[in-house]
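Q: the following block contains a protein sequence and its predicted model.
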Amino acid sequence: MMDARLLVRALAEPGSVAELDAEGATRLIALARAESLAGSLAHRLADVDLPQGVARILADARRTHEHARTQALWEAEMCRRALAPLGVPVVLLKGTAYAAAGLDAGVGRSIGDLDILVPRADLEHVERALLAAGWEWVKPDPYDDLYYRRWMHELPPLIHRERDRMIDVHHTILPLTAGPTPDADALIAGSQILPGEELGIRILSPEDMIVHAAAHLFADGDLAGGLRNLWDIDRLLRQFALNSGFWPRLAERARLHRLEGPVARALRLAHRLYATPVDPGCAGRWGLTDSLFERRLLARNGWGRETRPALRFGFYLRSHWLRMPPLMLARHLLTKARRVRPGAVPDRLQAAG
C-alpha cells in the first residue's frame, strides 16, 4: 500500500496489523504521525499483540496524548474562568469538546488550539475579557486584523503570554465570504451543557457536531489533516447513531445550515474508508468527484511523505475559492504576496495562521 490506506485499514480493522513485518509497522507509525493520528492509533491498537518496539512507541503515544488532553482541558477551564463573569454561552468545539464530553472521538485525539463559539453580539466583551486574562494577539498586523474582523468566522487568533496556548474565538463555523451560511444562533441555541457542568460550559448538539466536522473538512480548507477529521466523524457517527431519530435530525440540521452537500460527502467517504455505518438516504450515491476527495485524503506514500502535488495544489486553490469571490481572492493574495519577507514572522506564529 503506497498511500495512506495502510493507516486507514489499521484504524478500521486493528487486527490487520498482525500481518505487518517490522518495515510495515514502521510505515504505519510514520503515516499516523504525519496525519496527527498517532494517539488515536495507539489507543485503537492497545489490545493488539505487537512487537515490543512497536508496543513501546504506541505506549509513549498514549502517554503523550493523556498529557495533551490534560493541558487542553485545563486551558478550557482557564477560558471558562475568564469568561464566566460575562454570563454569555461558551461552546467548546472540535477536539477539546470531544475530550471534555468523554466522547469516543476524543480517545487519543490530538488537540491543538482551544476553539470556542460565542454569540457574535458578545465578541467585543469576550475579546476584552480574554485580553485582560493574559491572552494577546498572534497577528498584530493591521491588514490581518481587519481581514479577520471583516470577513472571517473568528477573531484573530490569540495566545496566552504565560501558558503559550492558543485560542480561536468563533462566532460562526464558516467564513462570512463562504457560500453556505450556517445558522450560528441555532448552533448556540441547540448546544448542550456538559454533563455535571454547573457553570455553563457547553458543546454542540450531536447533529450539529457532525455538521461542523463536515464543514471544517470540506467547506473550509484544503483537506490537510483530512483523515483525522474523517476519523472524528466515524467515531461520532458510531456513537450518535445509536440514539433513536438521529438520522432524520442530522438531515434536518444539515438543511438548516445549508451544508447538506458536505455532510453527505463526509458520510460517503467515512463509509468508504472506515466502513462507517451510515444512512443511505443521508449519504447519497458515490460520485466521480468523491474519488478525487478520496485520492486527496490518501495522498501520502508509505513513509508518510506527501504525494500527488498537483492534486494537493488544486485543493489548495479550491479552499481559497470557497472562502472568497474571485476579485476579493486576487486582491487578498496580492496583498499577502507583497508583505511576505523571509524571517519577518516567527515560524511558530506563521504555523498558527
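A: Now that the structure is in, tell me what you want to look at.
Q: contacts and neighbour counts: CA atoms only from here.
A: Will do.
Q: low-confidence regions, this protein specifically.
A: The model of the chain has pLDDT under 70 over residues 1, 196-200, 220-221, 324-353.
Q: longest helix of it?
A: helix 52-83 (DSSP state H).
Q: distance from that one to the middle of the chain?
A: 16 Å (C-alpha atoms, centre = their mean, to the nearest Å).
Q: again with stretch 249-261
A: 19 Å.
Q: how about it as PDB, C-alpha atoms only?
A: Output in PDB follows, covering the C-alpha atoms of stretch 249-261 (Å, rounded to 0.1, in the frame of the first residue of the first chain):
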ATOM      1  CA  ARG A 249     -32.400  15.100  12.900                       C
ATOM      2  CA  LEU A 250     -29.000  15.100  11.200                       C
ATOM      3  CA  ALA A 251     -30.600  15.700   7.800                       C
ATOM      4  CA  GLU A 252     -32.800  18.400   9.200                       C
ATOM      5  CA  ARG A 253     -29.800  20.300  10.800                       C
ATOM      6  CA  ALA A 254     -27.700  19.900   7.600                       C
ATOM      7  CA  ARG A 255     -30.500  21.600   5.600                       C
ATOM      8  CA  LEU A 256     -30.900  24.300   8.200                       C
ATOM      9  CA  HIS A 257     -27.200  25.100   8.000                       C
ATOM     10  CA  ARG A 258     -27.100  24.800   4.200                       C
ATOM     11  CA  LEU A 259     -24.500  22.100   4.400                       C
ATOM     12  CA  GLU A 260     -26.300  19.100   3.000                       C
ATOM     13  CA  GLY A 261     -23.500  18.500   0.400                       C
END
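Q: for it, buried residues please.
A: Across stretch 249-261, burial judged by 16 or more other C-alpha atoms under 10 Å covers Leu250, Ala251, Arg253, Ala254, His257, Arg258, Leu259, Glu260, Gly261.
Q: picking up where we left off before, quick one: list the elements packing against the next helix or strand after the longest helix of the chain.
A: Following helix 52-83 in sequence order, the next helix or strand is strand 90-93 (DSSP states H and E). Applying 3 or more C-alpha pairs under 8 Å, 6 or more residues apart in numbering; DSSP states H and E, one finds that strand 90-93 contacts strand 114-117, strand 201-203.
Q: pick the most deeply packed of those strands.
A: strand 201-203 (a mean of 25; mean count of other C-alpha atoms under 10 Å).
Q: and what about the closest residue to Ala184 other than its chain neighbours, helix, strand or coil?
A: Excluding the flanking residues, the one nearest Ala184 by C-alpha to C-alpha, 6 or more residues apart in numbering is Thr172, at 5.1 Å. What DSSP: H, G, I helix; E, B strand; the rest coil gives for Thr172 is coil.
Q: also Ala224?
A: coil.
Q: so how many other residues sit close to it?
A: Other residues lying near Ala224 total 16 when counted by other C-alpha atoms under 10 Å.
Q: coming back round to it: closest one of the buried residues of stretch 249-261 to Arg128?
A: His257 (29.5 Å; C-alpha to C-alpha).
Q: now the closest one: how far from Gln52?
A: As defined by C-alpha to C-alpha, to the nearest Å, His257 lies at a distance of 48 Å from Gln52.
Q: same question for Ala99.
A: From Ala99 to Gln52 the distance is 29 Å (C-alpha to C-alpha).
Q: okay, the two: which has more neighbours?
A: Neighbour totals were compared for Ala99 and Gln52, and Ala99 leads with 21 against 9 (other C-alpha under 10 Å).
Q: chain neighbours aside, what residue packs nearest to that one?
A: Gly106 (4.5 Å).
Q: what does Ala215 give?
A: Pro262 (6.1 Å).
Q: measure how buried that neighbour is and give me the count.
A: 21.
Q: ok, back up a step: mind checking which of the helices and strands packed on strand 90-93 is nearest Gly179?
A: strand 114-117 (20.0 Å).
Q: distance from that closest one to the middle of the chain?
A: On C-alpha atoms, centre = their mean, the centre of strand 114-117 falls 11 Å from that of its chain.
Q: beyond that strand, next helix or strand please.
A: helix 123-132.
Q: buried residues in that next one, which are they?
A: Buried-residue list, helix 123-132, by 16+ other C-alpha under 10 Å: Leu123, Val126, Glu127, Ala129, Leu130, Leu131.
Q: coming back round to it: got the angle for the longest helix of the chain vs helix 123-132?
A: When axes from the mean of the first three to the mean of the last three C-alpha atoms, to 10 degrees is applied, the directions of helix 52-83 and helix 123-132 differ by 110 degrees.
Q: where do the strands sit along this structure?
A: 90-93, 114-117, 135-137, 158-160, 166-170, 192-193, 201-203 (DSSP state E).
Q: those into TSV, with extra columns for distance to His216?
A: TSV is the format used below for these (distance: least, C-alpha to C-alpha, whole Å):
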stretch	distance to His216
strand 90-93	11
strand 114-117	12
strand 135-137	23
strand 158-160	20
strand 166-170	13
strand 192-193	20
strand 201-203	16
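Q: quick one: closest of those strands to Ala59.
A: strand 114-117 (25.2 Å).
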